[in-house]
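Enquirer: Generate coordinates for the sequence data below:
(chains A, B, C and D)
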Number of protein chains: 2
Amino acid sequence: MKEAECSVIDRAVERMIQVMSNHGLRITGQRRTLARLFAEASGFLSAKEVYQSLEMKHHGLSFDTVYRNLRMLQELGVLEQFNFEDGMKFRVGCYGHKHHHHHLICLSCDHIYPLDYCPMEHLTNLPAHFQVVKHQFEIYGYCEECQQPDNKPLQDIVSV
Amino acid sequence: MKEAECSVIDRAVERMIQVMSNHGLRITGQRRTLARLFAEASGFLSAKEVYQSLEMKHHGLSFDTVYRNLRMLQELGVLEQFNFEDGMKFRVGCYGHKHHHHHLICLSCDHIYPLDYCPMEHLTNLPAHFQVVKHQFEIYGYCEECQQPDNKPLQDIVSV
DNA sequence: ATGGATGCAAAACATTTGCATCAAT
DNA sequence: ATTGATGCAAATGTTTTGCATCCAT
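Expert: This next block holds a predicted model:
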């Protein structure tokens, strides 16, 4: 990893730690590792993936601590939380990214690809009195490596 | 309920039952009630809601039967399945509707409002080699009745 | 030293599976 | 009568909670 990238990540880590500290929370080793994990992560992480990653450095780690810290970081606005096909996942919030974007998700290998398109920017006929808080836009399918002719969904072959 | 609507629903029920029958599945009383429930439902239903609804007519109903039948109908393409904020929900598939659409979901009262806009129709820069199977687009916020100034998400008041 | 963070155990909740029985075909 | 559908119980997986202990402040 290049030095420039390191300092970007380091700054992201410090920013997350600062938020926790500003809120009177204590900076434990696990929270430091957790912050670094998300600063370095390119995409979304599930609670299980976070656990498995932290557990390498912190033996005897328990799942509830992971959940508690994920929830805490989400409530502080540091992490974003989204329901995917296979469960809840987390990533650093929007302002930690260059810009807002969405994702193509491969149903076969679970890889996530960024999509530089946001439907909210193009949406015209939104009802006037709905106060938008957030939105979710995900495209599911098969990436180049995983494309197979027999990956066709069942709907296409059922006659109704 | 008007007669015309009844027959539309009746036809929807018969169509669903026909699909099950065509696949060699047996038409039990519960499956008949289940088909009618979804034919009459306007929006999405959770497994729990389905259970509670069926349980009124079928005493001693068990949850696993509900799950088995929901999964079966989803695999047959009769039902669509989506992960919402508060868990998995089901509704009759697209072709059972007038046309494809998305939803505005109220975070306060859980009501779902249709949105006649599909981002896939306007999407221009989709990577060439991604084979799209399905997509998800939901807007979360507060509907007219539920709007409150203090419904602001935490992110807006946290300085990072 | 104080109070928040942790690990442990156990609870809560949603979903799935094995198996004996029951009922649609 | 055959075989799939059901109810029951128990297992599984995920997330939460209570509590004693530990450690960052």
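Enquirer: so where is chain A shaky, pLDDT-wise?
Expert: Applying pLDDT under 70 to chain A flags residues A:1-4, A:94-98, A:148-160.
Enquirer: how's it carved up into domains?
Expert: Annotated domains of chain A cover A:3-92, A:102-157 [automatic domain parsing].
Enquirer: Which one of those lies nearest to DNA strand D?
Expert: domain A:3-92 (3.2 Å; Cβ to the nearest atom of the strand). All C-beta spots, glycine's among them, are computed from the backbone N, C-alpha and C.
Enquirer: So A:Thr65 sits against A:Thr28, correct?
Expert: No - in this structure, A:Thr65 is not within contact of A:Thr28 by Cβ atoms under 8 Å, at 9.3 Å.
Enquirer: So which of those two has more stuff around it?
Expert: A:Thr65 (16 against 13; other Cβ atoms under 10 Å in any protein chain shown).
Enquirer: Am I right that that one sits in a helix?
Expert: Yes - looking at A:Thr65 with DSSP: H, G, I helix; E, B strand; the rest coil, it is inside a helix.
Enquirer: how about the helices of chain A, start to end?
Expert: Taking DSSP state H, the helices of chain A run over residues A:3-22, A:29-40, A:47-57, A:63-75, A:119-122.
Enquirer: right, and those helices - which one's nearest B:Phe44?
Expert: Nearest of the helices of chain A to B:Phe44, taken as Cβ to Cβ: helix A:119-122 at 19.9 Å.
Enquirer: hey, what's the residue lying closest to A:Gln136 once chain neighbours are set aside bridged with?
Expert: Spatial nearest neighbour of A:Gln136, chain neighbours left out: B:Glu138 (4.9 Å); criterion: Cβ to Cβ, 6 or more residues apart in numbering or on different chains. Beta-bridge partners recorded for B:Glu138 (DSSP bridges): A:Gln136, B:His103.
Enquirer: Tell me how many other residues crowd B:Glu138.
Expert: 20.
Enquirer: right, is stretch A:80-94 up against DNA strand D?
Expert: Yes - for stretch A:80-94 and DNA strand D, the contact criterion (Cβ under 7 Å from any atom of the strand) is met by A:Gly87, A:Met88.
Enquirer: Do stretch A:45-55 and chain B come into contact?
Expert: No - shown here: stretch A:45-55 not in contact with chain B (Cβ under 8 Å from any Cβ of the partner chain), separated by at least 13.2 Å.
Enquirer: returning to what we had before: adding distance to B:Gln147, write the helices of chain A out as a markdown table.
Expert: A markdown table is the format used below for those (distance: least, Cβ to Cβ, whole Å):
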| stretch | distance to B:Gln147 |
| --- | --- |
| helix A:3-22 | 28 |
| helix A:29-40 | 32 |
| helix A:47-57 | 32 |
| helix A:63-75 | 22 |
| helix A:119-122 | 19 |
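Enquirer: Tell me which of those lies nearest to B:Ala47.
Expert: helix A:47-57 (21.8 Å).
Enquirer: the inter-axis angle of the closest one versus helix A:29-40?
Expert: Helix A:47-57 and helix A:29-40 meet at an angle of 120 degrees, taking axes from the mean of the first three to the mean of the last three Cα atoms, to 10 degrees as the criterion.
Enquirer: Mind listing what's buried along stretch A:133-142?
Expert: Buried residues in stretch A:133-142, counted by 16 or more other Cβ atoms under 10 Å in any protein chain shown: A:Val133, A:Lys134, A:His135, A:Gln136, A:Phe137, A:Glu138, A:Ile139, A:Tyr140, A:Gly141, A:Tyr142.
Enquirer: ditto for stretch A:25-36
Expert: Residues of stretch A:25-36 classed as buried: A:Arg31, A:Thr33, A:Leu34, A:Ala35, A:Arg36 (neighbour count, 16+ other Cβ under 10 Å).
Enquirer: Near DNA strand D, which residues of chain A? Just list them.
Expert: Proximity of chain A to DNA strand D, by Cβ under 7 Å from any atom of the strand, involves residues A:21, A:26-29, A:46-48, A:63-64, A:67-68, A:71, A:87-88.
Enquirer: Show me which of those are buried.
Expert: Applying a neighbour-count criterion of 16+ other Cβ under 10 Å, the buried members of these are A:Ser46, A:Ala47.
Enquirer: how about the residues of chain A next to DNA strand D, which pair is most distant?
Expert: Longest distance between any two of the residues of chain A next to DNA strand D is 30.2 Å, between A:Ser21 and A:Gly87; criterion Cβ to Cβ.
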